[in-house]
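[1] Predicted coordinates and the sequence they were generated for:
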Amino acid sequence: MTKWKALKHGTECLQASGWPTGEEPSLLIMIQGRYHKEYWLVVLARHDARLGDLDQLIRDVWVECCEHLSSFRIGGATYDSDAERFTNGMNVPLSHLIAPGSTFTYDYDFGSPTSLDLKVIGETSVAPRDGPLCLIARNDPPIIPCDLCGGEAELALNDFDEDFQHYYCRECLSSTEYDPDCVDLIANSPRNGVCGYVEDPDTALLWYPPGWSADEIVPEEPGELLDEIPLDDETEVNAAMAAVIQDIGPDINEFVEAERAAYGEGIACMAGDTVMAFCTFMYIVYEVKIDAWDALSVQRCLVDELSQNPIFPEDWPENAVPILCRFLTHMEASGHLTNASELIAVLKEAEPAFQKAATSPEKGQAIFKLILMKAEEAGVDTDDLDAFFNFAVRELVEMAGFDLDNEEVQKELSNLLEGGTPEALAGNIRAAMIFERCEDFCQRFPDNTILEHCRRIVKDLFDHPAAPLARGDAVLWSAAIVYAACQDEDLIRPGRGAPPLGQEISSFFGVERASIRNKVRAMRAFLPD
């Protein structure tokens, strides 16, 4: 649920909790990351809670790593954690400084700061049951994409040379040369990735309501996840392929030759790649040889595994299932299985889902994000479409399993890259980059409403016969699309001066608000009414 729904739910629970009623009202304080608003807390503060208590809660739940200094900024005055060095310390009651509607700020660590915005969003007669403060709501851990596959990351790998964190799912981490001592869980905190911060659930538990356990706050230790990671994914794949070849290699070759005779060289090559990939997935994921294939695993392998092929001929999605059906018929005739008709039926039933998954925008977007990230890390000028296209093609070819050192592969690549970026593909790449920047900005919103609106605007502009996205500054296009989406969703209203969100968009994209507004006016001429 969003933070506001969580607040409503939490206040209703407080009224029914049976907790004590204070002599004076308790305050409800919303705390969120200044630059990472997806992280938020709601805290119940008893009337006699002190500023130092709030500092300790924030440290224990969210930020403490090396006992850095911290400070609050309230009404023009600064209150510091080191009272001996500064005039204003934190041994002062909150009720003397803040009231419903008050806003203030907090900074932890002045070298690598974590900055928070706080607001008193209400008051209640209910007081915390134990102690001066209690955490009553907290965001779920936001989904962070894996650096390699774009799926949901589970672990953070610290790069101390770059003072930077990389994020991986278990499968992708296994493909890197990682030091287990440098792997941590991803912290549910705006300090995630800063100064080696690691969550301490035992300390955070001190501020939770009764009934919680440390395991519910941070369910697993990094070592528990690492134990489940295969040591060498490439070795496992190679071993599986070797096992498939040993088991039915001659039969696959016979099938490919039959495909060549019946349908030509193109389909034969496609058949060999499709069948080999499918059999390998069945061996690795479902751990069965062909004589033990069943309907459920075959159908799941088609939709969940084979559809993730990163690069394929345009006609592959429509040919893959017919190829597999003919392969199953061939294998039953050769005596390797007896249930071909049942397996063929479930493949045909799942064919629409397979085609949708194989060609889905989400899959393409995840692959694009991965390649864009790799290009930036490699120092490729991503605004130079020819340079990016050259890099992207090589990455896709390598992801598809081709050997870039092979002379034939190199020759085909040279022929493909010789003419520069095809005009239609250049438009696709540019639109994808524009939307990628929109997506980066939209991470600050509690849901996908603005992002989906941006997606619709980009599609309308991309589909317009005048191809407006092909011209002009791509960053300005992104800023204008986000601005227009926020206007349409009534987050930016006309006639109200310079709205904070408009300023935030301007600052994020590094473009003047006047330029953004002018671009929005011009852009709307290309959009449907």
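    Right, received. Where do you want to start? Residues are numbered from 1 along each chain as shown.
[2] name the element the closest residue to Ile252 other than its chain neighbours belongs to?
    Ranked by Cβ to Cβ, 6 or more residues apart in numbering and with sequence neighbours excluded, the top spatial neighbour of Ile252 is Val275, at 5.7 Å. Just so you know, the C-beta spots here come from the backbone N, C-alpha and C atoms, and that holds for glycine as well. Using DSSP states H and E, Val275 maps to helix 265-285.
[3] And the closest residue to Val475 other than its chain neighbours, how close does it get to Ile74?
    Nearest residue to Val475 in three dimensions, chain neighbours excluded: Phe509, at 5.5 Å (Cβ to Cβ, 6+ apart). Per Cβ to Cβ, to the nearest Å, Phe509 is found 31 Å from Ile74.
[4] Could you do Met241 as well?
    64 Å.
[5] Please say which of those two ends up with more neighbours.
    Taking other Cβ atoms under 10 Å, Met241 and Ile74 do not tie; Ile74 has more neighbours (20 against 17).
[6] Does the closest residue in space to that one that isn't next to it in sequence belong to a helix, a strand or coil?
    In space, and not counting its chain neighbours, Ile74 is closest to Phe104: 4.2 Å by Cβ to Cβ, 6+ apart. Three-state call for Phe104 (DSSP: H, G, I helix; E, B strand; the rest coil): strand.
[7] Spit out the contact partners of Phe104.
    Residues counted as contacts of Phe104 (Cβ atoms under 8 Å, 6 or more residues apart in numbering) are Phe72, Arg73, Ile74, Gly75, Leu97, Ile98, Leu118, Lys119.
[8] what about the stretch 51-200 of the chain, any weak spots by pLDDT?
    Low-confidence regions of the stretch 51-200 of the chain, defined by pLDDT under 70, span residues 83-87, 160-163, 177.
[9] Pull the helix holding Val275 out as PDB, backbone CA atoms only.
    Taking C-alpha atoms only, helix 265-285 is exported to PDB below (Å, rounded to 0.1, in the frame of the first residue of the first chain):
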ATOM      1  CA  GLU A 265      18.500 -23.800 -44.300                       C
ATOM      2  CA  GLY A 266      16.900 -21.000 -42.300                       C
ATOM      3  CA  ILE A 267      14.400 -23.100 -40.400                       C
ATOM      4  CA  ALA A 268      17.000 -25.800 -39.900                       C
ATOM      5  CA  CYS A 269      19.300 -23.400 -38.100                       C
ATOM      6  CA  MET A 270      16.400 -22.100 -36.100                       C
ATOM      7  CA  ALA A 271      15.300 -25.600 -35.200                       C
ATOM      8  CA  GLY A 272      18.800 -26.600 -34.000                       C
ATOM      9  CA  ASP A 273      19.100 -23.600 -31.700                       C
ATOM     10  CA  THR A 274      15.500 -23.900 -30.400                       C
ATOM     11  CA  VAL A 275      15.600 -27.600 -29.600                       C
ATOM     12  CA  MET A 276      19.100 -27.400 -28.000                       C
ATOM     13  CA  ALA A 277      18.100 -24.500 -25.800                       C
ATOM     14  CA  PHE A 278      14.800 -26.100 -24.800                       C
ATOM     15  CA  CYS A 279      16.400 -29.400 -23.900                       C
ATOM     16  CA  THR A 280      19.100 -27.700 -21.900                       C
ATOM     17  CA  PHE A 281      16.500 -25.700 -20.000                       C
ATOM     18  CA  MET A 282      14.600 -28.900 -19.200                       C
ATOM     19  CA  TYR A 283      17.800 -30.500 -18.000                       C
ATOM     20  CA  ILE A 284      18.900 -27.600 -15.800                       C
ATOM     21  CA  VAL A 285      15.700 -26.100 -14.500                       C
END
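[10] Give me the buried stretch members for that helix, please.
    By neighbour count with 16 or more other Cβ atoms under 10 Å, helix 265-285 contains the buried residues 267-268, 270-284.
[11] Could you give the separation of stretch 130-147 from the chain centroid?
    Relative to the mean C-alpha coordinate of its chain, stretch 130-147 is positioned 18 Å out (Cα atoms, centre = their mean, to the nearest Å).
[12] can you pull the buried residues of it?
    132-139, 141, 144-147.
[13] now swap in stretch 112-123 and tell me
    Those buried within stretch 112-123 under the rule 16+ other Cβ under 10 Å are Pro113, Thr114, Leu116, Asp117, Leu118, Lys119, Val120, Ile121, Gly122, Glu123.
[14] ok, longest helix in the protein?
    When the chain is parsed with DSSP state H, its longest helix is helix 233-263.
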